[in-house]
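Chemist: Output the structure for:
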Amino acid sequence: MRERRVQMGMSQKNLAEAVGVSFQQIQKNERGTNRIGASRMFELSKVLDVPVSFFFDDLPPQPPIKTVVTKKALAENRDVFSPDLMGSRETQDLLDAYYTIINPRLRKRLLTFIRGLHRAPKEAA
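Modeler: As a prediction, the model looks like this:
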């Protein structure tokens, strides 16, 4: 993160303002004192004009993750998603649409609604 910020000639203060955190938080993130959550990393990637994968380029390759189908998932007749869900076109389209909603309260209400959908009674087919 620091490398890209410096490449762009951006100060910690400017980056912090663009992402909506304090410059001290950016310092802690750059030093590795505080972890960076996925949503913050997504925002940083937009501000720093890099794909999220940029932050992982130096990591060694990982073995593929196997999808585990649990008895509970089968019993509930749920779809089981593959581990590369975040790389799917549908997920990217959903994220793009979500972050075009400027009003943060509206985004939060939409997220609450979506989380509640899995609790909704199943309709008869």
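Chemist: Next, the buried residues of the helix ranked longest in the chain.
Modeler: Assignment by DSSP state H gives helix 104-117 as the longest helix of the chain. Within helix 104-117, no residue qualifies as buried by neighbour count (16 or more other C-beta atoms under 10 Å). Yep, even glycine has a C-beta here, placed from its N, CA and C like the rest.
Chemist: and it, what does it pack onto?
Modeler: helix 89-99 (3 or more C-beta pairs under 8 Å, 6 or more residues apart in numbering; DSSP states H and E).
Chemist: which strands and helices sit next to the helix it packs on?
Modeler: Packed next to helix 89-99, using 3+ C-beta pairs under 8 Å, 6+ apart, are helix 38-47, helix 104-117.
Chemist: So which bits of the shortest one are buried?
Modeler: Right, helix 38-47. Under 16+ other C-beta under 10 Å, the buried positions of helix 38-47 are 40, 41, 43, 44, 45, 47.
Chemist: re the thing from before, any idea which of the helices and strands packed on helix 89-99 scores lowest on pLDDT?
Modeler: Here the lowest mean pLDDT among those goes to helix 104-117, at a mean of 86.
Chemist: How is this protein divided into domains?
Modeler: 2-56, 71-117 (automatic domain parsing).
Chemist: Of the ones you listed, which stretch is the most buried?
Modeler: domain 2-56 (a mean of 14; mean count of other C-beta atoms under 10 Å).
Chemist: Endpoints of that one, how far apart?
Modeler: 13 Å (C-alpha to C-alpha, to the nearest Å).
Chemist: Right, I'll call it a day here.
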